[in-house]
Structure formats: structure tokens, C-alpha cells
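Chemist: Need coordinates for the below:
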Amino acid sequence: MSTTGGCGCWSPAGAPARTPVLRRLLERIALALGGRPAARLTTHLAVPASPSSLLRLIRRLPDKGARTTPRVLGVDDFATKKGHVHATILVDMETGERVDVLPDRTAETFAAWLREHPGVEIVCRDRSGAYAEAVRAAAPHVLQVADWFHLWKSLCDAVEKCVLDHRACLPEPQPDQEHNDQPVSASLPRTPPSEPPTGVRATQRRQRYAAVHALFDKGMGISAIAEALRLDRKTVRRYAARRLA
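Modeler: Below is the predicted model:
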């Protein structure tokens with residue numbers, strides 16, 4: 001038996017309609033995983049959805065209403081467009097919930113938010129001087145702490161810079177004469193020095209290095225260099241910490 005009428009569960013284009021149950025399922029997956037990981041999972045669950053569709057579902061969710069000012073506030077920046085536009089996300093560090101999203105990462109914007117939302121006792125931030133300046137200006141009584149990720153990142157950067165700066169003065173390892181009278185250097189062929197990486201990406205990376213160091217030598221700060229070269233501040237800071245080969 002064949003029918004010509006629609007059954008109500010298929011869209012005119014032939015794609016399955018999203019029932020309320022399916023929509024709630026996709027919303028939960030998107031909230032838990034984000035755009036691309038959630039899209040990959042929906043494919044395995046036979047309810048495929050694109051990353052952009054999943055993000056639209058999240059944006060359409062109703063707001064939970066007015067939030068109380070968190071006691072411990074986390075602040076960090078993120079790129080809305082790689083290397084061009086940055087914004088600031090505020091998170092309640094005790095609950096993990098998003099508090100607000102600011103349109104930029106300037107000290108003035110964050111300071112204005114702090115003045116409008118008294119009650120913050122602790123600010124957990126990255127190494128950004130702008131956020132520190134905002135807290136000192138708008139809420140000097142607030143305790144500032146560094147996020148553990150950025151502490152580890154600072155330690156790794158310092159160790160890497162130290163190793164690079166002192167690689168030339170490190171002594172060569174001495175052969176063990178007690179077990180072998182013949183020097184290791186004579187018994188083993190010397191490994192030729194590795195060639196520097198080539199290609200378009202390697203060339204562009206070296207050009208960015210040179211540009212960062214040129215502006216840094218002129219006295220420009222990290223934020224100014226990042227804006228001038230349209231690079232992330234963390235990238236500029238890493239480049240500036242290394243010496244050109």
C-alpha cells in the first residue's frame with residue numbers, strides 16, 4: 001500500500017524533522033562537546049548535524065536569567081577571528097558556568113564590568129597586563145591569582161628560553177673510559193647537523209620571527225606588536241623570548 005500524504009515526521013526536502021526529543025538530544029551533545037566534536041558524534045549516532053547547526057542550537061537556548069556576581073571570577077581572552085579580533089569570557093570558577101562575554105579584551109571594558117558587578121573577591125586570570133590593570137583600577141581590594149595552566153606555561157617558556165640561550169656553552173658528553181678504551185666519537189660515525197626546515201610555512205614562520213624581533217627592538221610592547229602583525233599575543237610573547245637563529 002502506498003500513500004501520497006506526508007506522515008508529519010519528514011521535512012519537504014526529504015530530511016528528517018527534528019522532533020523535540022531529538023532537538024534536546026542535540027542540544028545536550030553540543031553543550032557537552034562543542035561544534036566539531038559534537039558533529040562527529042552525531043554522525044555515529046545516525047542523527048548527523050553540522051557544527052554550525054549545533055552552535056545555532058546552543059545560541060537559541062533561553063538564558064537562565066539574572067546571575068549573581070561570582071565570588072571567584074575567571075577571565076581569559078579568545079579569538080573570534082584568528083589573529084584579528086579578540087573577546088573576553090568571564091566564568092564562575094566555583095560552578096564552571098559562563099558569566100558573561102565582553103566584546104574585547106581591553107582594560108577599560110573589563111574595569112567597567114567590575115564596577116557594575118561588585119562582589120567579586122578573587123580574579124583568576126592569565127598573564128595579561130590589561131586584566132591586571134583593570135582589577136587594580138576598578139576593584140583594588142580583589143585578590144588576583146594566576147591560573148595554573150598559565151603558571152605551567154610560564155615555567156615551560158622560561159626553561160625553553162634558558163636551554164636555547166645556553167645550548168652553545170653546554171659541554172659535550174664525555175665517553176666512558178672505564179668500559180671502552182676507544183673514544184665513542186671514533187667508533188661511531190658523527191651525525192651530520194640537521195638542515196633547517198624548508199618550505200612555505202617555515203619561511204613564513206622565520207619572517208614572523210624577524211618581524212617580531214624588529215618591532216621588539218624598536219621598543220614596542222607585546223600587545224602593540226600583536227595588533228600590528230595580527231598575531232596572537234601568546235605567539236608574539238613566545239617569539240620574542242627566543243633569539244633568532
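Chemist: tell me what the longest strand along the chain is packed against?
Modeler: In the chain, taking DSSP state E as the definition, the longest strand is strand 72-81. Using 3 or more CB pairs under 8 Å, 6 or more residues apart in numbering; DSSP states H and E, the elements in contact with strand 72-81 are strand 85-92, strand 122-125. All C-beta atoms are positioned from the backbone trio N, CA, C, and that covers glycine.
Chemist: Tell me where this protein has helices.
Modeler: Taking DSSP state H to define them, one finds helices in the chain at 20-33, 35-44, 51-59, 107-116, 129-138, 148-166, 184-187, 200-217, 222-229, 233-240.
Chemist: Tabulate those (TSV), appending mean neighbour count.
Modeler: Listed next are the helices of the chain as TSV, based on neighbours: other CB atoms under 10 Å:
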stretch	mean neighbour count
helix 20-33	14
helix 35-44	16
helix 51-59	15
helix 107-116	17
helix 129-138	18
helix 148-166	12
helix 184-187	10
helix 200-217	13
helix 222-229	17
helix 233-240	19
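Chemist: rank these by pLDDT, which is bottom?
Modeler: Of all the helices of the chain, mean pLDDT reaches its minimum on helix 184-187 (a mean of 51).
Chemist: related to what we said a few turns ago, out of the helices of the chain, which is closest to residue 93?
Modeler: helix 148-166 (11.5 Å; CB to CB).
Chemist: quick one, the closest one and helix 233-240 angle?
Modeler: Angle, helix 148-166 to helix 233-240, by axes from the mean of the first three to the mean of the last three CA atoms, to 10 degrees: 20 degrees.
Chemist: what's next to helix 148-166, contact-wise?
Modeler: The contact list for helix 148-166, computed with CB atoms under 8 Å, 6 or more residues apart in numbering, reads 126, 127, 237, 238, 241, 242, 243.
Chemist: confidence score at residue 171?
Modeler: Note on residue 171: pLDDT of 71.
Chemist: what about it, neighbour count?
Modeler: For residue 171, the number of neighbouring residues by other CB atoms under 10 Å comes to 5.
Chemist: Equivalent analysis for residue 45, please.
Modeler: Residue 45, neighbours per other CB under 10 Å, totals 11.
Chemist: Isn't residue 111 up against residue 137?
Modeler: Yes. Assessed by CB atoms under 8 Å, residue 111 is found in contact with residue 137 at 5.0 Å.
Chemist: Keeping just the C-alphas, turn stretch 235-245 into CSV.
Modeler: Presented in CSV, the C-alpha positions along stretch 235-245 are these (Å, rounded to 0.1, in the frame of the first residue of the first chain):
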residue,chain,number,x,y,z
THR,A,235,52.6,33.8,19.9
VAL,A,236,54.3,37.2,20.0
ARG,A,237,55.5,36.5,23.5
ARG,A,238,56.9,33.2,22.5
TYR,A,239,58.7,34.6,19.5
ALA,A,240,60.1,37.5,21.5
ALA,A,241,61.5,35.1,24.1
ARG,A,242,63.6,33.3,21.5
ARG,A,243,66.7,34.5,19.8
LEU,A,244,66.8,34.4,16.0
ALA,A,245,68.9,31.6,14.7
